[in-house]
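A.B. asks: the sequence and its predicted three-dimensional model are supplied below.
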Amino acid sequence: MILETKRLILRHWKESDAKDLYKYASDPDVGPIAGWPPHKSIDESSYIIRTMLCRAENYAICMKSDNKAIGSIYLKLNDQTDMTNQDDECELGYWLGKPFWGHGLMPEAAKKILQHAFENLAMKKVWCGYYDGNKKSKRVQEKIGFKYQWTTKEVDVPLMNEKRTGHVSCITKKEWEANKNNN
């Protein structure tokens, strides 16, 4: 499936995206704040595409101008998330290459994937989290209508081999429907 916004194409990852993935995922300001270490090689990025980014609801964020991957946005369904065990709920995750920060691209992509979650996948609620200090992620969630739910201290971040404070928000289909024309 391909999802489109005014400026973006959200499409499935391809192994040929490995070079572009590495370009942005190797930046130490990108992955660690989201809970994963910077990529060390194009081969590692290729492996990540084959093993993690190949899931059905995981999309490469691409500018319409060149269709090159600049980030990722995904819906973790109930067998992939620890935020819910309900079939009609999922978790939203995302990251964006640093050169594209501050241009409103992530809220644009997130609004589109929420539409997909609620209208095409029949979700009733979408969860999202961020770690302490990730103010950009917090702001994206606020912009698209997520409501704060709780904070948990000492959350395991296995890929970083550490513990952090995590914050969880969610949006219901009803809240999304009420907000969708205001965003």
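C.D. replies: Now that the structure is in, tell me what you want to look at.

A.B. asks: those helices in this structure, which residues are they?
C.D. replies: Along the chain, counting by DSSP state H, helices occupy 18-25, 31-34, 42-51, 105-115, 135-143, 173-179.

A.B. asks: with mean neighbour count added, can I get those helices in JSON lines?
C.D. replies: All C-beta spots, glycine's among them, are computed from the backbone N, C-alpha and C. Shown next, in JSON lines, are the helices of the chain (neighbours: other CB atoms under 10 Å):
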{"stretch": "helix 18-25", "mean neighbour count": "21"}
{"stretch": "helix 31-34", "mean neighbour count": "18"}
{"stretch": "helix 42-51", "mean neighbour count": "16"}
{"stretch": "helix 105-115", "mean neighbour count": "21"}
{"stretch": "helix 135-143", "mean neighbour count": "17"}
{"stretch": "helix 173-179", "mean neighbour count": "15"}
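
A.B. asks: let me have those helices in a markdown table, extended by distance to residue 60 and mean pLDDT.
C.D. replies: Formatted as a markdown table, the entries for these read as follows, by distance: least, CB to CB, whole Å; pLDDT from 0 to 100:
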| stretch | distance to residue 60 | mean pLDDT |
| --- | --- | --- |
| helix 18-25 | 8 | 97 |
| helix 31-34 | 16 | 92 |
| helix 42-51 | 9 | 96 |
| helix 105-115 | 10 | 97 |
| helix 135-143 | 18 | 95 |
| helix 173-179 | 23 | 92 |
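
A.B. asks: in a markdown table: these, plus distance to residue 87.
C.D. replies: Converted to a markdown table, the helices of the chain look like this (distance: least, CB to CB, whole Å):
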| stretch | distance to residue 87 |
| --- | --- |
| helix 18-25 | 30 |
| helix 31-34 | 26 |
| helix 42-51 | 24 |
| helix 105-115 | 18 |
| helix 135-143 | 23 |
| helix 173-179 | 14 |
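
A.B. asks: of these, which is nearest residue 6?
C.D. replies: Distance to residue 6, taken as CB to CB, is lowest for helix 105-115 among the helices of the chain, at 6.9 Å.

A.B. asks: got the angle between that closest one and helix 135-143?
C.D. replies: Using axes from the mean of the first three to the mean of the last three CA atoms, to 10 degrees, the inter-axis angle of helix 105-115 relative to helix 135-143 is 50 degrees.

A.B. asks: which stretches of this structure have low pLDDT?
C.D. replies: For the chain, applying pLDDT under 70 flags the ranges 181-183.

A.B. asks: now with 90, please.
C.D. replies: In the predicted model, the chain carries pLDDT under 90 at residues 1, 55-56, 78-86, 179-183.

A.B. asks: among the helices of the chain, which is nearest residue 158?
C.D. replies: Taking CB to CB as the criterion, helix 31-34 is the member of the helices of the chain that comes nearest to residue 158, at 13.1 Å.

A.B. asks: re the thing from before, out of the helices of the chain, nearest to residue 74?
C.D. replies: Of the helices of the chain, nearest to residue 74 by CB to CB is helix 105-115, at 8.0 Å.
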